[in-house]
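Participant: Test case, fold it:
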Amino acid sequence: MKVLIVYDSVYGNTEKIAMAIAGAITGEVKVLRVGEVNPSELESVNLLIVGSPVHAGRPTPDTKKLINRIPANALKNVGVTSFDTRFSEKDKGVGIRILLKILGYAAGRIAGRLKGKGGHLVAPPEGFIVNDAEGPLKEGELERAASWAKGVLESKK
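Facilitator: Residues are numbered from 1 along each chain as shown. Predicted coordinates for the structure are as follows:
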């Protein structure tokens, strides 16, 4: 199985999650930052995983640009899923929790856009927790990312 993991990262946290996911997947795995991806590469993969930090409830502008560049139905026979790095609602005050509920998260938006390009969602989008805007990742998140990746592979079979 050919797997492509695409990510954007501002402070390195999303990149760490992408690498943990890649390390848990067997087979041919390629990890690229969003700016390194040529949309024509997507035609030859079996599984596409896209990750981004959350910016006002959305993926980064570069992540959105990449997805917009994917031709319609280009992901027709490709399994897709997504992840993001985010704050935990329960660790924040009432005002921030309300704002997070209103804005939402990037992973679901990414998954919806990948499905809109013809991809088949093989696993629900996932969020991985950072302790603060610049990180670090919450303890155990790299292990949780590896476990999530194994579950994604199982659902793809």
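Participant: I'd guessed F87 sits against E134; true?
Facilitator: No. F87 is beyond contact range of E134, at 11.7 Å (criterion: CB atoms under 8 Å). Backbone N, C-alpha and C define where each C-beta goes, glycine included.
Participant: between these two, who's got more neighbours?
Facilitator: Higher neighbour count among F87 and E134: F87, with 19 against 10, using other CB atoms under 10 Å.
Participant: do you know how far the more buried one is from E28?
Facilitator: Separation of F87 from E28 (CB to CB, to the nearest Å): 34 Å.
Participant: looking at this protein, which helix or strand is least sure?
Facilitator: When the helices and strands of the chain are scored by mean pLDDT, DSSP states H and E, helix 94-103 comes last with a mean of 65.
Participant: For the strand or helix carrying N68, enumerate the helices and strands it packs against.
Facilitator: For N68, the host element (DSSP states H and E) is helix 61-69. Contact analysis of helix 61-69 by 3 or more CB pairs under 8 Å, 6 or more residues apart in numbering; DSSP states H and E lists strand 47-53, helix 106-116 as its packing neighbours.
Participant: May I see these organised as TSV, with mean neighbour count and distance to Y11 added?
Facilitator: Output for the helices and strands packed on helix 61-69, formatted as TSV (neighbours: other CB atoms under 10 Å; distance: least, CB to CB, whole Å):
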stretch	mean neighbour count	distance to Y11
strand 47-53	27	8
helix 106-116	20	15
